[in-house]
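# Here's a sequence, model it:
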Amino acid sequence: MRASSVLAVATAAASLGVAAPARAMTWAEARAAAEQRAPELAVAVRRGAVARADVEVAGALANPIFTVTTAKETARLGTGVSVPLPIFGQRGAAVRAASADADAVEREREIDVNDVRWNATVAWIEAWEISVRARLLADAAEDARRLAAITGERFDAGSAPRLDLVRATADRVRAEADAESARALVAAAGARLAVWVGVDPLSPPVVDGGPGVPAQLPPIERLLTDAAAHPVLARDEAQQAAAGRHVDLERRLRFPIVSAELTVAQGDPTLVVNGVQHTDVIGGAAFELPILNARGGAIAHAQAQGALAEATRASDAAHLRADLVESFRRTEAAAARARALGQRVVPAIEEARGMTEEGYRAGRADLIRVLEAQRAVVDARIAELEAIGAWARAFADLERAGGRAFQDRGAKRAAR
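Coordinates of the predicted model:
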């Protein structure tokens, strides 16, 4: 098949004007770099560390309480120690609840990876589009200069009016201004990509190659099946499990914390027997009576959290399914349009331009027709570029809705 004219200039476009570029990045390289170096992932790691620390906090035992007392009539010195003992499983329940919370937080990192990959992909597509557009407009400016030179030769030979020379010169100036403006935007698009791939925006990356969209998508039924393992749904399930653990914890907290107490009384004048001073040792236990508060409100709150997590999962599943189907259909439609433009429309318009220019050289066509033909070629190439960009964005949305990167196993690339 005929290679797309847009993709034919993509590699050349990567060399367009940014000062001290960090490096050229392909579609795959940018996505891989984002999954390793995007700043959001460092935040996710720290968030997970906080959640894991909370598990240690939940499992920590309370410190013993040491008391010192004195009395006028009884013991001159009384020392005591009280040790809270969660003997009814409160500590284990708290640790399990905190661990479930930490697991839910860890699931958030997979969501962050999915979102980071999507953001890097969209930023790469935008940088690619701007780079290729700049190259297309640079080619259009070169065509305008060539046409202006031909018109000048015809004017000098007396076979073209001055009006044609003025029009051709004006069109050349406009085309050069468009090309220069597009060239200036390349660094701006690279700066947006830089933050996702961990590069300094002052030395942004440049794109290399074309979008890595597979020529053939997996069947929609398989994508819907695989979407059951979407990171968002995994996070929702983890939050459901955590809510259940919190219900267990609140029920366990209805049992009292027993405090073992030991007191030593010394110097008590009532404990002198036969002139010998005795020391009294008193043991006991203290615990809360769950009479006024049986934690009914806390249990109901934890149960409501569980119901909310369940409803959230159902809502997320419905929206993800709709997003996946919608982005799948958009990808198909965008692919069909890009292929039609690249394989039929652009070649025909380029052929028409060539015929028009040949007619102008032979004096069979006027300059207006040539300018219109050149503008039609530029518009068609940019339309193809935008169609490929829309195709790639729809594919990126499809990946995001599916929750994973789709590998292209040897398929030919887009717009072939």
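# Run through the chain and note the low-pLDDT ranges.
Across the chain, the ranges flagged by pLDDT under 70 are 1-22, 407-416.
# Run through the strands of it in chain order.
Secondary structure of the chain by DSSP state E: the strands cover 24-25, 65-69, 77-85, 206-207, 258-266, 272-273, 276-277, 280-286.
# Dump these into CSV; add mean neighbour count as well.
(Each C-beta comes from the backbone N, C-alpha and C, glycine too.) Below are those laid out as CSV (neighbours: other CB atoms under 10 Å):
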stretch, mean neighbour count
strand 24-25, 21
strand 65-69, 11
strand 77-85, 16
strand 206-207, 27
strand 258-266, 16
strand 272-273, 10
strand 276-277, 10
strand 280-286, 11
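# Quick one: closest of these to L233.
Across the strands of the chain, the minimum distance to L233, taken as CB to CB, is reached by strand 24-25, at 31.3 Å.
# Please name every helix or strand in contact with the lengthiest helix in the chain.
Across the chain, the helix with the greatest residue count (assigned by DSSP state H) is helix 90-156. Counting by 3 or more CB pairs under 8 Å, 6 or more residues apart in numbering; DSSP states H and E, the packing neighbours recorded for helix 90-156 are helix 10-13, helix 27-37, helix 39-59, helix 162-197, strand 206-207, helix 231-252, helix 346-361, helix 367-402.
# Give me the buried positions along the fourth one.
Same thing as helix 162-197. Within helix 162-197, the residues that qualify as buried are 164-165, 167-169, 171-172, 175-176, 178-179, 182-183, 185-187, 189-197, counting by 16 or more other CB atoms under 10 Å.
# thinking again about what came up before, and the strands of the chain: which comes nearest L398?
Comparing the strands of the chain by their distance to L398 (CB to CB), the top pick is strand 206-207, with 20.9 Å.
# Which strands border the closest one, and is each parallel or antiparallel?
According to DSSP bridges, strand 206-207 has the following sheet partners: strand 24-25 (parallel).
# so how far is the partner strand off the chain centroid?
A distance of 20 Å separates the centroid of the chain from that of strand 24-25, by CA atoms, centre = their mean, to the nearest Å.
# How about stretch 159-177?
On the basis of CA atoms, centre = their mean, the separation between the geometric centre of stretch 159-177 and that of its chain is 48 Å.
# Ok, stretch 345-358 next?
On CA atoms, centre = their mean, the centre of stretch 345-358 falls 43 Å from the chain's centre.
# Ok, stretch 223-237 next?
If you compare the mean C-alpha spot of stretch 223-237 with that of the full chain, they lie 16 Å apart, counting by CA atoms, centre = their mean.
# With stretch 360-377 instead?
Its chain's average C-alpha position is 48 Å from that of stretch 360-377, according to CA atoms, centre = their mean.
# again, but for stretch 343-353
For stretch 343-353, the distance between its averaged C-alpha position and the chain's averaged C-alpha position is 39 Å (CA atoms, centre = their mean).
# What residues sit buried inside that stretch?
Buried positions in stretch 343-353, judged by neighbour count with 16+ other CB under 10 Å: Q343, V345, V346, I349, E350, A352, R353.
# Return the member of those nearest to F155.
Closest approach to F155 among those (CB to CB): R353, at 21.4 Å.
# thought that closest one was touching D379?
No. R353 sits out of contact with D379 when judged by CB atoms under 8 Å, with a separation of 11.4 Å.
# Other residues contacting stretch 34-52?
Defining contact as CB atoms under 8 Å, 6 or more residues apart in numbering, one finds that stretch 34-52 is touched by 98, 101-102, 105-106, 108-109, 112-113, 115-117, 119-120, 195-198.
# ah, wrong one, I meant stretch 324-331
Contacts of stretch 324-331 from elsewhere in the structure, counted by CB under 8 Å, 6+ apart, are 217, 220, 223-224, 227, 390-391, 394-395, 397-398, 400-402.
# For it, buried residues please.
Of the residues in stretch 324-331, those with enough neighbours to count as buried (16+ other CB under 10 Å) are L324, V325, S327, F328, R330, T331.
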